[in-house]
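> Test case, fold it:
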Amino acid sequence: MHLQDFKTVGRNTHAQNEDATLNHGSFVHVTVVAENEAALRSVVYSDPILVDLTPPVISVIKDGGDEEDVDFQQSDVITLHWNVTDDESEVDFCEVALGLSPGSGEVHQFTQQPSLYSATFDLSGHLTHGDTVYSTLRCHNYAGMTSHVTSDGVTIVTQPPNSDHAIVETMSETQSYFPSSAFHQSTDDVIHLSWEGFFDVTGIRNYQCRVTGPGLTDFPWIDVGLNGQTHATLSGLHLHGYNRYDVHVRAVNHGGMVSDDVTSDIYVEIERPLVMGNRFRSWWPQQGVMVFDWTGVFLSNSSLVYEVSMGTKAAGTDVMQWRETEKTEMRLDGVDSNKEHHVVITAVNQAGLCTTGSFVLSYPGSG
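Numbers count the residues shown, from 1 in each chain. This next block holds a predicted model:
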């Protein structure tokens, strides 16, 4: 293919043609003819010149080592690896800039690297916890073409997560109609827990929890929340009744650094209140006024709440229904002393377990 006829350039030792149409990957051959005053000529042929119209191809760029891309690290030494090729004119050199946003260079301006495959920068004293460093790579081939690409960044992690505002709560499974009170449960083989308030600007990778208490001195830390959950269930436990256990939770960031643990306690009570029916007392201080006392009737290892109903027949509630109290004495006015009264008292402990006692009251001398 003919690109240009011979053109005189006088005594110049250089020439150029800006109108030629070149095809990528083709070879250009240049012929120079020199002629003196005696019309004698010499002809010189150049080596073939490869036409390269494309920049280098950067196929891979990775923060960190050459095995896999790193998104988080504790070190202030930034390492970059890449793969660049140019099948036509080959890669001449590469430059790298570092910044805190993609494509920027405020941390380190573009500098030519001695290697065509990697670069390392020691930024000690220039980075803080939570900084994300983006590396921008710019490679040039021998044809003067340039390509560039920016890494997805690596975040510097130098501090553990903060737990100053974190809280941990235990959640009990209901074993009866009545809910358990805070920090109490009636199951001895499982603990449900939730947490919130752990914070790390670099993000939380997962959480860890453990239980300590009687019989659990060697209980290990267990990884939980691997997919962002802030709750967990610990099952297969062997908790001892009437004992207090501590539930510990801590956060782990992407650098593997661990926060201080936050603790909540749980009291295990697995038995219902006992009934001592012969201790129930009642009296009529005056006509139409009834007082009854059940102090000591119900025995429990935790404080009790009572639900009291009264009727004029067994299991009836025509006088009073489901009145809740923490006291063990009750006074009722306007009670018909000519009728027999049936009292039903349900004692509920802090774990939500309950026991019911039934008692019959009548006015002395009635009937």
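> Low-confidence regions, the stretch 1-150 of the chain specifically.
Filtered on pLDDT under 70, the stretch 1-150 of the chain yields the residue ranges 1-4, 18-27, 52.
> And the strands in it?
Read by DSSP state E, counting those that start in this stretch, the stretch 1-150 of the chain holds these strands, from start to end of the chain: 27-28, 31-35, 41-45, 49-50, 57-63, 72-73, 77-85, 91-99, 108-112, 118-122, 132-141, 146-150.
> between those strands, which one is nearest to Val224?
strand 72-73 (20.0 Å; CB to CB). Any C-beta I mention is one placed from the backbone N, CA and C, and that applies to glycine too.
> Parallel or antiparallel, which strands does the closest one pair with?
Paired neighbours of strand 72-73 in the sheet (DSSP bridges): strand 154-156 (parallel).
> after the partner strand comes which helix or strand?
Past strand 154-156, further along toward the C-terminus, the next helix or strand under DSSP states H and E is strand 167-171.
> That next one packs against which elements?
strand 190-196, strand 243-253, strand 262-268 (3 or more CB pairs under 8 Å, 6 or more residues apart in numbering; DSSP states H and E).
> for it, what is the average pLDDT?
Mean pLDDT, strand 167-171: 93.
> Could you identify which of the helices and strands packed on strand 167-171 is most buried?
Among the helices and strands packed on strand 167-171, the stretch with the highest mean neighbour count (mean count of other CB atoms under 10 Å) is strand 243-253, at a mean of 21.
> for that strand, packing partners?
The contact analysis (3+ CB pairs under 8 Å, 6+ apart) places strand 243-253 against strand 167-171, strand 190-196, strand 204-212, strand 262-268.
> Could you list the paired strands of the third one along with their orientation?
What it means is strand 204-212. Strand 204-212 has these strand partners (DSSP bridges): strand 222-224 (antiparallel), strand 243-253 (antiparallel).
> Specify the stretch among these that is closest to Gly215.
Closest among those, using CB to CB: strand 243-253, at 8.3 Å.
> Asn278 - that's part of a strand, no?
No. Judged by DSSP: H, G, I helix; E, B strand; the rest coil, Asn278 forms no part of a strand; its state is helix.
> how many other residues sit next to it?
Using other CB atoms under 10 Å, the number of residues around Asn278 comes to 8.
> As CSV, the helices and strands packed on strand 243-253 with distance to Leu116 would be great.
Listed next are these as CSV, based on distance: least, CB to CB, whole Å:
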stretch, distance to Leu116
strand 167-171, 53
strand 190-196, 49
strand 204-212, 35
strand 262-268, 50
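> closest to Ile61 out of those?
strand 204-212 (23.9 Å).
> For the strands paired with strand 204-212, give me JSON lines that also has mean pLDDT and distance to Thr79.
Converted to JSON lines, these look like this (pLDDT from 0 to 100; distance: least, CB to CB, whole Å):
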{"stretch": "strand 222-224", "mean pLDDT": "97", "distance to Thr79": "28"}
{"stretch": "strand 243-253", "mean pLDDT": "96", "distance to Thr79": "21"}
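> Those strands: which one's closest to Gly197?
When the strands paired with strand 204-212 are compared (using CB to CB), the closest one is strand 243-253, at 9.5 Å.
> distance between that closest one and the chain's centre?
Centroid displacement of strand 243-253 relative to its chain, using CA atoms, centre = their mean, to the nearest Å, is 16 Å.
> quick one: it to strand 262-268, angle?
Relative orientation of strand 243-253 with respect to strand 262-268: 150 degrees, computed using axes from the mean of the first three to the mean of the last three CA atoms, to 10 degrees.
> export strand 243-253 as CSV, just CAs?
The C-alpha trace of strand 243-253 is given here as CSV (Å, rounded to 0.1, in the frame of the first residue of the first chain):
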residue,chain,number,x,y,z
ASN,A,243,-28.4,-18.7,89.3
ARG,A,244,-27.4,-15.5,87.5
TYR,A,245,-25.5,-15.6,84.2
ASP,A,246,-23.7,-12.8,82.4
VAL,A,247,-24.1,-12.5,78.6
HIS,A,248,-21.2,-10.7,76.9
VAL,A,249,-21.2,-9.1,73.4
ARG,A,250,-18.4,-7.4,71.6
ALA,A,251,-17.9,-6.0,68.1
VAL,A,252,-15.1,-6.9,65.6
ASN,A,253,-14.2,-4.5,62.8
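> what about Val168, distance to Phe219?
15 Å (CB to CB, to the nearest Å).
> Compare neighbour counts for the two and give me the winner.
Val168 (22 against 16).
> What residue, apart from its backbone neighbours, is nearest that one spatially?
Using CB to CB, 6 or more residues apart in numbering and skipping residues adjacent in sequence, the residue nearest Val168 is Ser264, 4.1 Å away.
> do Ser104 as well
Ser104's closest residue in space is Tyr134 (CB to CB, 6+ apart), at 7.0 Å.
> is it true that that neighbour touches Thr150?
Yes. Taking contacts as CB atoms under 8 Å, Tyr134 lies within contact range of Thr150: 5.5 Å.
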